[in-house]
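Q: attaching a predicted model along with its sequence, questions to come.
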Amino acid sequence: MRISLVFLTSLLALSAFGADRLVPSQYATIQQAVDAAITGDNVVISPGIYSGQGNRDIDLHGKSITVRSTNPNDPDIVNNTVIDCYDFAPVSHSGFIFQSISSSEISGLTVMNAQTTMDGGGMRFMNCGSPIISNCVITYNDAQRGAGIFCQNAAPIFTNCTISENWSTQSGGGVYCRDSSPKFFNCDISGNLVMGTGPNLGGGFYFEGNNNPTFENTWITDNLATSDGGGLYSQNGLTIERCIISGNISQRSGGAIFCNTVGTLNLSDCVITGNSATSYGGAISAGDTIITNCTFSGNRSYQPNNSTIYAGLSIFKITNSIIWGETPNIIQSRGTTPDIRYSDIQWPYYKNPYIGRDVTGNLAIDPYFTAPGRWQSNNWISGDYHLSIDSVCINTGDPNNAAYIYEKDLDGQPRIKLGRIDMGAYEGDTHPMDFDQNGIVDFVDFAKMAEAWMWQAKWHVPSH
């Protein structure tokens, strides 16, 4: 009995650890290795280009396994371990297919050149739970919806992934989601395009139905929609935290973000710069909107009577934010009067210039960004939107905002450094002369400097 227990324990340990299924040394194709794998196994793919049958339309069959490169943390390995889905025949193919409840993981692979007249070029997730996709590059894929990623009734988790240069002919150039809750952490969604048979919505993202996406530390840049929502389009509300949304283009409304009038757009700790729209909302076109500790700059609408932030049916709140250098108008409400507090907004910032000026801690003073971006012809040159040490936005946010101990700015730094929250996406640094670190250089600081100088002079012993 004792021997049997030892044997059983060893067997369970080996099973939990899992075996490595090596491609191509043990298995000729990735699908063959996946088919042979059992729970806990790793399908390990050596650097190379994998194409043809068995190396595209890869179905994990709901298995709890990992499919990865030899080193997912090495960008060179990731870029050279390629799932090439191209087919010379006019046949639809995708990269990976998830269509069963699964806790599987894909890590450290490049998926490219998928071409499908259906949904989901690079990866397709349908009714499949929460598989994990990490350190992957999903690029140069074509589909009618979700050329990079297609989600339906799924909650995949993306970490350190790049979804770029994908092209959809209907909606969601980079990512299309329906009734899903995807999560994006430290991802780069860039250079995606939606253009074709229509409706051409959402260059980076398109959300249909009831979705609950999570965004954190994600870059959404240089995407284009030939209709609404250059960066993101949502039929309902969205919550976006600690992201950079920059250089996106809408050829209608919502250069960065377009949300229908159902639900609320919540933005916090984000930098939104250099986005453009032909019509309303060079940065945002939305219904009810709440903006907290965000930085807007360089967004523009090409129609002179429109604005860069077009929002607010019954809720329109802006707090602790900086909105500077927008073109032509800055804020236009769709219904309610904006509630703007403790924010630095270039004047005149509202189509009615008597609403909201000098109220509840608001400023209209150059925020002194470290190196603001700029337009060069029709190209946006990115900048650095940290606050200089002389910025009036340091220590001038809402004094009643007691940030939670875990609350962070866009850099992941503590949200309150000097006893009072700052305006904008980044907490500023103290001035080198601010010895008491209260955000103000005053007589008290000079007194402390003099005291320190006299103490050093008293104890200084000259050398002989």
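A: Cool, the structure landed.

Q: where does the prediction get shaky in the stretch 51-200 of the chain?
A: Within the stretch 51-200 of the chain, the stretches with pLDDT under 70 are 89-90.

Q: again, but for the stretch 251-400 of the chain
A: Applying pLDDT under 70 to the stretch 251-400 of the chain flags the ranges 348-358.

Q: one more time with 50
A: Residue ranges of the stretch 251-400 of the chain with pLDDT under 50: 352-358.

Q: what about residue 33, helix or strand, and which?
A: Using DSSP states H and E, residue 33 sits in helix 30-36.

Q: pull that helix out as CSV, backbone CA atoms only.
A: What follows is helix 30-36, C-alpha atoms only, in CSV (Å, rounded to 0.1, in the frame of the first residue of the first chain):
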residue,chain,number,x,y,z
ILE,A,30,1.7,22.5,-34.4
GLN,A,31,-1.8,20.9,-34.7
GLN,A,32,-0.3,17.4,-34.3
ALA,A,33,1.4,18.5,-31.1
VAL,A,34,-1.8,20.0,-29.8
ASP,A,35,-3.8,16.9,-30.6
ALA,A,36,-1.2,14.8,-28.7
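
Q: which residues does it contact?
A: Residues from elsewhere that reach helix 30-36, judged by C-beta atoms under 8 Å, 6 or more residues apart in numbering: 21-23, 26-27, 43, 45, 50, 54-55, 58-61, 63, 65, 67, 83. In this view, the C-beta of every residue, glycine as well, is placed from N, C-alpha and C.

Q: kindly recompute the last result at 6 Å.
A: The contact list for helix 30-36, computed with C-beta atoms under 6 Å, 6 or more residues apart in numbering, reads 21, 23, 27, 43, 54-55, 58, 60.

Q: stretch 70-83 now?
A: Taking contacts as C-beta under 6 Å, 6+ apart, the residues outside stretch 70-83 that touch it are 45-47, 49-50, 69, 95, 107-111, 135.

Q: next one: that stretch to chain centre, how far?
A: The chain centre lies 22 Å from the centre of stretch 70-83; the measure is C-alpha atoms, centre = their mean, to the nearest Å.

Q: swap in stretch 221-231?
A: Centroid separation between stretch 221-231 and its chain, computed with C-alpha atoms, centre = their mean, is 14 Å.

Q: how long is that stretch from one end to the other?
A: Stretch 221-231 stretches 7 Å from its first residue to its last (C-alpha to C-alpha, to the nearest Å).

Q: circling back: the helix holding residue 33: which residues count as buried?
A: 30-35 (16 or more other C-beta atoms under 10 Å).

Q: could you do stretch 76-96 as well?
A: 77-78, 81-85, 87, 92-96.

Q: again, but for stretch 52-70
A: For stretch 52-70, burial by neighbour count (16+ other C-beta under 10 Å) applies to 54-69.

Q: dihedrals phi and psi, the spatially most central residue of the chain?
A: Among the residues of the chain, the one closest to the centroid is residue 218, at 2.5 Å (C-alpha atoms, centre = their mean). Torsion angles at residue 218 (phi, psi; degrees, to the nearest 10) stand at phi -120, psi 140.

Q: that one touches residue 244, doesn't it?
A: No - look at residue 218 against residue 244 with C-beta atoms under 6 Å: they stay out of range, at 7.8 Å.

Q: among the contacts of helix 30-36, which ones are in helices?
A: Within the contacts of helix 30-36, no residue falls in helices by DSSP state H.

Q: save those residues as a markdown table, and put in distance to residue 399 too.
A: Converted to a markdown table, the contacts of helix 30-36 look like this (distance: C-beta to C-beta, whole Å):
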| residue | distance to residue 399 |
| --- | --- |
| 21 | 59 |
| 23 | 59 |
| 27 | 63 |
| 43 | 55 |
| 54 | 63 |
| 55 | 59 |
| 58 | 55 |
| 60 | 53 |
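
Q: looking at the residues you listed, spot the one nearest residue 119.
A: The closest of these to residue 119 turns out to be residue 58 (C-beta to C-beta; 16.6 Å).

Q: who does the closest residue to the closest one other than its chain neighbours bridge with?
A: In this structure, residue 58 finds its nearest non-sequential neighbour in residue 96, 5.0 Å apart by C-beta to C-beta, 6 or more residues apart in numbering. Residue 96 has these beta-bridge partners by DSSP bridges: residue 58, residue 123.

Q: verify the contact between residue 96 and residue 57 for me.
A: No - taking contacts as C-beta under 6 Å, residue 96 lies outside contact range of residue 57: 8.2 Å.

Q: got a PyMOL select line for the buried ones in the contacts of stretch 70-83?
A: Selection command for PyMOL covering only the buried members of the contacts of stretch 70-83, criterion 16+ other C-beta under 10 Å:
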select buried, resi 45+50+69+95+107+108+109+110+111+135
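
Q: picking up where we left off before, list the contacts of the residue nearest to the centre of the chain.
A: Residues in contact with residue 218 (C-beta under 6 Å, 6+ apart) are 184, 187, 243.

Q: how close does it sit to residue 45?
A: 26 Å (C-beta to C-beta, to the nearest Å).

Q: check residue 152 too.
A: Taken as C-beta to C-beta, the span from residue 152 to residue 45 is 27 Å.

Q: ok, residue 128 - contacts?
A: Shown in contact with residue 128 (C-beta under 6 Å, 6+ apart): 98, 102, 154.

Q: now residue 104
A: The contact partners of residue 104, taken as C-beta under 6 Å, 6+ apart, are 60, 64-65, 131.

Q: reformat those residues as CSV; add secondary structure and distance to residue 203.
A: Shown next, in CSV, are these (DSSP: H, G, I helix; E, B strand; the rest coil; distance: C-beta to C-beta, whole Å):
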residue, secondary structure, distance to residue 203
60, coil, 29
64, coil, 34
65, coil, 34
131, coil, 25
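
Q: re earlier: closest one to residue 167 out of the buried residues of helix 30-36, please.
A: Out of the buried residues of helix 30-36, the member with the shortest distance to residue 167 (by C-beta to C-beta) is residue 30, at 24.6 Å.
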